[in-house]
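In: Return a 3D structure for these sequence lines:
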Amino acid sequence: MARLAQMFRHPVKGIGSEPLEVCQLSPEGAMSGDRAWALLTAAAEDIDAWQPRRNFLVVARGPDLSPITARTIGETIELSHPGRPSLTFDPATGADTLRNWIAPLWPSADPAPARLVRAPGHGMTDMPVPFVSIGNLASLEALGEAVGQPLDPRRFRINLWVENLPAWEETNWIGQELHVGRLRLFIDQPIGRCRAPDANPETGTRDVIVNRELTTLGKETNFGVYARVLTSGSATLGDKVTLT
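Out: Numbers count the residues shown, from 1 in each chain. Got it, this is the predicted structure:
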């Protein structure tokens, strides 16, 4: 029986994965608290609207961001990195603190960290609509076998990971409705990948070329699927996952 095995959100886009046991999902906001904030680069236009990934600090351009873990504590966020002291800050008032903390982890040749912005409506995900991302742990294992090493789920910054499925089963879900516990989701499209999954979340170094392996496996550069949330409610680890 397929079940929800792991769950992550990312309070600040590109800066820290937060493991969860329970989380609220809704059609309007997708996963509560996911990519609720994002740190613009100095080269980005400062607008109060959704913006594309290239405008922010993200793992695809700064692989040393990959080992950051996050924990939400009330209105504050705690960030940890093996090469930095832990940081607890309030994103509403602590942008300077975050910029100073993140600077040594960001490539000096790239535009510097600038304004910390709150996402309008749904989180500042890579898509301008409120999607949650879903991955299959069996597909992750198969991809790891192809690259010759186990792959940490955090590489892909996926929200919901499902277990007890055949590898690549999720590629057949497009256009279908999925139940996660009592939640209903519509599987909309595959997730095209950038360079972010190349970075090892233990070391912060690029040690694989994921898109090359996906192409070799006949998956183009897709891994995981995007879903629209159809009904509000909570997702809990262990929830049964079924297609309708």
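
In: only C-alpha atoms for contact and neighbour calcs from this point on.
Out: Will do.

In: Next, name the residue at the spatial heart of this structure.
Out: In the chain, the residue lying closest to the centroid (CA atoms, centre = their mean) is residue 157, at 2.7 Å.

In: Tell me if I'm right that it and residue 8 touch.
Out: Yes: Residue 157 is in contact with residue 8 according to CA atoms under 8 Å; the separation is 7.5 Å.

In: who touches both of these two?
Out: In terms of CA atoms under 8 Å, 6 or more residues apart in numbering, residue 157 and residue 8 are both contacted by the residues residue 17.

In: Which elements pack onto the lengthiest helix in the chain?
Out: With secondary structure taken from DSSP state H, the chain has its longest helix at helix 137-147. Applying 3 or more CA pairs under 8 Å, 6 or more residues apart in numbering; DSSP states H and E, we find helix 137-147 packed against strand 160-163, helix 210-216.

In: ok, and which of these has the densest surroundings?
Out: Mean neighbours per residue, mean count of other CA atoms under 10 Å, is largest over these for strand 160-163, with a mean of 22.

In: Quickly note the distance from residue 125 to residue 154.
Out: 16 Å (CA to CA, to the nearest Å).

In: between those two, which one's more packed in?
Out: A direct count of neighbours by other CA atoms under 10 Å for residue 125 and residue 154 places residue 125 higher, at 24 against 21.

In: circling back: what's the closest of the helices and strands packed on helix 137-147 to residue 49?
Out: Residue 49 lies closest, by CA to CA, to one member of these: strand 160-163, at 25.6 Å.

In: Follow the chain on from the closest one and name the next helix or strand.
Out: Heading C-terminal from strand 160-163, the first helix or strand you meet, by DSSP states H and E, is strand 177-180.

In: could you list every residue that touches the residue nearest to the centre of the chain?
Out: Residue 157 makes contact with 8, 9, 10, 17, according to CA under 8 Å, 6+ apart.

In: Tell me how many other residues crowd the second one.
Out: By that I understand residue 9. Using other CA under 10 Å, residue 9 is surrounded by 26 other residues.

In: Beta-bridge partners for it, please?
Out: On the basis of DSSP bridges, residue 9 is bridged to residue 18.

In: Quick one: residues contacting it.
Out: Residue 9 touches 17, 18, 19, 20, 31, 33, 34, 35, 157, 158, 159, counting by CA under 8 Å, 6+ apart.

In: In CSV, list the residues you listed along with pLDDT and distance to residue 196.
Out: Output for the contacts of residue 9, formatted as CSV (pLDDT from 0 to 100; distance: CA to CA, whole Å):
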residue, pLDDT, distance to residue 196
17, 97, 13
18, 98, 17
19, 98, 18
20, 98, 21
31, 97, 21
33, 96, 21
34, 98, 17
35, 97, 16
157, 98, 9
158, 98, 12
159, 98, 15
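
In: and the residues you listed as a markdown table, adding distance to residue 197?
Out: Converted to a markdown table, those look like this (distance: CA to CA, whole Å):
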| residue | distance to residue 197 |
| --- | --- |
| 17 | 13 |
| 18 | 17 |
| 19 | 17 |
| 20 | 20 |
| 31 | 21 |
| 33 | 22 |
| 34 | 18 |
| 35 | 17 |
| 157 | 8 |
| 158 | 11 |
| 159 | 14 |
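
In: now, among the residues you listed, which is nearest to residue 210?
Out: Distance to residue 210, by CA to CA, is smallest for residue 157 among the contacts of residue 9, at 13.7 Å.

In: which residue packs closest to residue 86, ignoring adjacent ones?
Out: If the residues on either side of it in the chain are set aside, residue 86 comes closest to residue 80, at 4.7 Å by CA to CA, 6 or more residues apart in numbering.
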